[in-house]
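Student: sharing a model that was predicted from the sequence below.
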Amino acid sequence: MKPLYYILLLFCIPSLGQTVTDTSAAEESIKLRHIEGIRGFDLSYGLNPYGNQFGFGYAQYESDNFIGRIVLNYESGKINLTTYSTQYLFIEFNSTVCRLKKRFFLNLAYGALAGQENSGNEVLNTKANTFEYGLLLGVNAEIYILNRFSVLIEFKQIWDNGSGFGSFRYYSNTGLRFNL
């Protein structure tokens, strides 16, 4: 997990000392961060109570305060003697609740999920495959380090009906988004 933070620092530190000579061009490009029609792709890595997870997402900015997202998520981990992997499709809606100088955006995330969980226990020689569905609620922050490049920090709580390991779990992710 530490290499991801080093990579994020590698991208963040050079942007801190940037100066802009044409302020009107800089102001116009900053205005394009949260407007209708902007699309973005994001990659994320995160932790959950039992292992790691990776996500690939698509974001569509519907207005300056509303973002629709679709995220494909892969999770794997181990609970006692049982290993598992889960593939989710998150359908999220993000509402911006706070913004600071068009560089930092705090969003409330809510939506639905569907997925598949595969689990196995080598000691008991058992395997299971279940279909899951549920709801999610969380917050995420977009911190722009370049005009079309931002760092994402997400915290989600999901209710998962169908999991063999309990109905509630949380996610904490860090990722990068590139807006087209």
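Tutor: Nice, thanks for sending it over. Residues are numbered from 1 along each chain as shown.
Student: for the longest strand seen in the chain, packing partners?
Tutor: Counting residues, the longest strand found in the chain (DSSP state E) is strand 126-146. Contacts defined by 3 or more C-beta pairs under 8 Å, 6 or more residues apart in numbering; DSSP states H and E place strand 126-146 against helix 2-16, strand 82-100, strand 104-121, strand 149-161. C-beta coordinates here come from the backbone N, C-alpha and C atoms, glycine included.
Student: next, the buried residues of the shortest one.
Tutor: Read that as strand 149-161. With burial defined by 16 or more other C-beta atoms under 10 Å, the residues of strand 149-161 counted as buried are 150, 151, 152, 153, 154, 156, 158, 160.
Student: need those residues in CSV with distance to residue 105, can you?
Tutor: Below are the buried residues of strand 149-161 laid out as CSV (distance: C-beta to C-beta, whole Å):
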residue, distance to residue 105
150, 8
151, 11
152, 10
153, 11
154, 12
156, 17
158, 22
160, 27
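Student: quick check, nearest of those to residue 43?
Tutor: In terms of C-beta to C-beta, no member of those lies closer to residue 43 than residue 152, at 9.0 Å.
Student: can you read off the pLDDT for residue 10?
Tutor: If you check residue 10, the pLDDT there is 48.
Student: whoops, I mixed them up, residue 175
Tutor: According to the prediction, residue 175 has pLDDT 95.
Student: wasn't it part of a strand?
Tutor: Yes: secondary structure of residue 175 (DSSP: H, G, I helix; E, B strand; the rest coil): part of a strand.
Student: show me the shaky parts of this structure.
Tutor: Applying pLDDT under 70 to the chain flags residues 1-32, 164.
Student: check contacts around the closest residue to residue 170 other than its chain neighbours.
Tutor: Distance criterion C-beta to C-beta, 6 or more residues apart in numbering; nearest residue to residue 170, sequence neighbours excluded, is residue 157 at 5.1 Å. By C-beta atoms under 8 Å, 6 or more residues apart in numbering, the contact list for residue 157 reads 136, 137, 138, 168, 169, 170.
Student: the third one contacts residue 106, correct?
Tutor: No: with contacts defined as C-beta atoms under 8 Å, residue 138 does not count as touching residue 106, sitting 11.4 Å away.
Student: neighbour count winner among those two?
Tutor: Applying other C-beta atoms under 10 Å to residue 138 and residue 106 shows that residue 138 carries more neighbours, namely 20 against 16.
Student: can you count the residues close to the residue lying closest to residue 66 once chain neighbours are set aside?
Tutor: Spatially, and ignoring its direct neighbours in sequence, residue 66 is nearest to residue 95 (5.9 Å; C-beta to C-beta, 6+ apart). Using other C-beta under 10 Å, residue 95 has 12 neighbouring residues.
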